[in-house]
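1. Okay, predicted coordinates and the sequence, questions at the end:
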Amino acid sequence: MNILVCVKRVPAPGARINITSDGQQVDTAFLGFTVSPHEECAVEQAVQLVEKHGGDVTVLTLGPAEAQEQLRTAVSTGATKAVLVPIDTTDWDPQKTAQAIAKVIEELEATNGNFDLVLFGNESADSCGYQVGVRTALKLGRPIVNGAKGLDIDNGVAVIRRESDAGVEVYKLKMPACVGVKEGINLPRYPTMKGRLASKKVEITQNAASGEVGGLKLITLRRPPERASNTKILGNGPDAASAVVDLLEELGVFK
Amino acid sequence: MTVLAVVEHDRGNITSASLGVLTAARNLAKQMNTNFEALTIGANADALSEVVSKYGATTVHQAHNAMLTDFGPEAWGESVAQVVRKTSPSVVIGTGTERGHEIIAQAAARLDLPAAMNCLEFDKEFNGTQPLKVVRARWGGSLMEESQIDAPIKLLTLANHIVEPQEELATTPTTVLLIDVDLDDSVTQSFVQDRVERVAGVTLATSPVVVSGGRGVGSAEAFAPLEELAGLLNGVVGCSRAVTNNGWRNHTDQVGQTGTRIAPDIYIACGISGAIQHWVGAMASKNILAINTDAQANIVTKAGYAVIGDLHLVVPAISAEIRKRHPK
């Protein structure tokens, strides 16, 4: 059972996102970076699946050289191989990204055989494009379902559960298949000491990125209009309870 | 040079997000001085032509294939792609929902066209001949991106809850056109195979009162007073990502960008700092009360109401006051 997980390095913003003066990027001068949350869970799901069924987990990212940090994080939590598809620090558009990832997957599979599963995050936390996984799957000629909040393997079939307004939907895809994973499918583990050592030693393979520019072009980023802050302070400590219940009554909560 | 709205439905039941899309598509078509058309997928959605005509579509395309009895992202995406190839619309608008994003992404990939998801605004000068400038949501809505879709056919999804649905009859009756779509084995395995229907009742997404706890709560056990307060208010308990990451509560309780987006009448945020990830899930709440020891916490500065203090003391005091005034 060989699983590939595609991850993205994204800034870890606190309470406020600042933008560079040219409006092209999030200003990351004072920010740390992390693996986009959906993908963090995809790595965990892949590791759980190979623990159960055998095989190994490869993690891939298209990103700047610094994204090796996120590949190593994935290795520290159970992935065994890591592939960097290097680009400069500017994001590639979704069409170009999918093209490059599909090409690298074909290269990897030409030497190591097919991945049974290729996992993506449902959408990246920063650009929220909702399409790289779908485009990549189509280029590979494999089925894909997004929004996975459950993923099991049963006799060569990937069984996917996802939530909808009406309840839980079940999808079944014959492998090789692709799946877009959503946070909440599991609780990602913390790195172990053994994992940390492995992450330092792992050799990161590099495969060149290539793709044609797509049709969605970024003009500028901007912050949404700031809401005026006019918080009404109801009081301090437990003494405020009376004012709180006044408010709840006023809002009709007890009707 | 039409505007095509892709109707999202679940086995024939139209979703509320679709009504916003029909409204937005009609408004954009008017601006472009062109026809507004709609697409329903599967024979079980034929009856929706009636709804669509109330929103003023000049034509509704009904995509038919015996396989189209339930949702399947690939079959639906392929159906959209085939209808787009046949009708060459200028703009295609889908819903900004899990299914909507998936359908448009599938169609875009099949047509090898760009797609912009979660659009909030369209260029007011757009007449169909130039690239379409849009504003779309990033970071779950805490950052906006102005971008341009440079392609003969512009595919996009409309961010949910952005356009208020508004009916408006067309001047002429809606024409109904049936389109048979071809679906081969490559798209038919991803249909819904099975489902577990939800038991009726209030959920985090629908409850009018949500009492939520963050890192400041400190442990799984310390959620008991929040449970009690939620119970007194007939509400439910939510939490921030820090809480699920610590294993204190299940992810189904998480409010945020990667959890549940909520819009209750009142949101009571206890010991939550209000990082972006959390705020975008809670910002649609009609009223927000923050209980926090830090008067400078992000959530306190953004909330309508705040109590500065330790939630471990404040929350039980509120419950006691409610019991006093409203004995059961």
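-> That came in fine, so what should we check first?
2. how close does residue B:43 get to chain A?
-> 20 Å (Cβ to the nearest Cβ, to the nearest Å). (C-beta placed from N, C-alpha, C; glycine too.)
3. how about the helices of chain B, start to end?
-> For chain B, the helices defined by DSSP state H cover B:16-32, B:49-54, B:73-87, B:98-111, B:185-188, B:224-232, B:241-245, B:276-282, B:298-302, B:311-325.
4. whoops, chain A was the one
-> Taking DSSP H, the helices of chain A run over residues A:37-53, A:68-76, A:94-112, A:132-140, A:193-201, A:241-250.
5. count of neighbours near the closest residue to residue B:174 other than its chain neighbours?
-> In space, residue B:174 comes closest to residue B:53 once its chain neighbours are excluded; the distance is 3.7 Å by Cβ to Cβ, 6 or more residues apart in numbering or on different chains. By the criterion of other Cβ atoms under 10 Å in any protein chain shown, residue B:53 has 20 neighbours.
6. didn't residue B:53 look like it was pressed against residue B:170?
-> Yes. Look at residue B:53 against residue B:170 with Cβ atoms under 8 Å: they come within range, at 6.9 Å.
7. Just name the most buried of the helices of chain B.
-> Among the helices of chain B, helix B:98-111 has the highest mean neighbour count (mean count of other Cβ atoms under 10 Å in any protein chain shown), at a mean of 27.
8. Which strands or helices does that helix pack on?
-> With contacts defined as 3 or more Cβ pairs under 8 Å, 6 or more residues apart in numbering or on different chains; DSSP states H and E, helix B:98-111 has these neighbours: helix A:132-140, strand A:144-148, strand A:157-164, strand B:3-6, helix B:73-87, strand B:91-96, strand B:115-122, strand B:154-159.
9. Tell me who's in contact with the nearest residue to residue A:40 once chain neighbours are set aside.
-> In space, residue A:40 comes closest to residue A:188 once its chain neighbours are excluded; the distance is 5.0 Å by Cβ to Cβ, 6+ apart. Residue A:188 makes contact with A:40, A:41, A:43, A:44, A:77 under the criterion Cβ atoms under 8 Å, 6 or more residues apart in numbering or on different chains.
10. Next up, the contacts around residue A:13.
-> Applying Cβ under 8 Å, 6+ apart, the residues contacting residue A:13 are A:26, A:31, B:139, B:142, B:275, B:276, B:277.
11. so how many other residues sit close to the fourth one?
-> To tie it back to what came earlier, the one meant is residue B:142. Using other Cβ under 10 Å, residue B:142 has 20 neighbouring residues.
12. for it, what are its contacts?
-> Taking Cβ under 8 Å, 6+ apart, one finds A:13, A:17, A:224, B:276, B:279, B:280 in contact with residue B:142.
13. measure residue A:204 to chain B for me?
-> Per Cβ to the nearest Cβ, residue A:204 is found 27 Å from chain B.
14. Next, count neighbours for that residue.
-> So residue A:204, with other Cβ under 10 Å, has 16 neighbours.
15. same thing with residue B:14?
-> If we define neighbours as other Cβ under 10 Å, then residue B:14 has 18 of them.
16. Run through the bridge partners of it.
-> residue B:9 (DSSP bridges).
17. Go ahead and confirm it touches residue B:7.
-> Yes. Assessed by Cβ under 8 Å, residue B:14 is found in contact with residue B:7 at 6.4 Å.
18. list the contacts for the residue nearest the centre of chain A?
-> Geometric centre of chain A, nearest residue: residue A:39, 2.8 Å, by Cα atoms, centre = their mean. Residues in contact with residue A:39 (Cβ under 8 Å, 6+ apart) are A:5, A:6, A:7, A:8, A:119, A:120, A:121, A:124, A:181.
19. The contacts of residue B:142: which two are farthest apart?
-> Greatest spacing in those, by Cβ to Cβ: A:13 and A:224 (13.8 Å).
20. for chain A, what are the low-confidence residue spans?
-> By pLDDT under 70, the low-scoring segments of chain A are A:14-15, A:227-228.
21. who touches stretch A:241-255?
-> Stretch A:241-255 is contacted from outside by A:234-235, B:208-209, B:233, B:265-266, B:287, B:289, B:305, B:307, B:314, B:317-318, B:320-322, B:325-326, using Cβ under 8 Å, 6+ apart.
22. Now that stretch: buried residues?
-> A:241, A:242, A:243, A:244, A:245, A:247, A:248, A:251, A:253 (16 or more other Cβ atoms under 10 Å in any protein chain shown).
23. Could you do stretch A:225-238 as well?
-> Taking 16+ other Cβ under 10 Å as the criterion, stretch A:225-238 shows A:231, A:234, A:235, A:238 as buried.
24. which non-adjacent residue is nearest the last one?
-> Across the structure, with Cβ to Cβ, 6+ apart as the measure, the residue nearest residue A:238 apart from its sequence neighbours is residue B:317 (3.6 Å).
25. What of the first one?
-> Once its chain neighbours are removed from consideration, residue A:231 has its nearest residue in residue B:306; the separation is 5.1 Å (Cβ to Cβ, 6+ apart).
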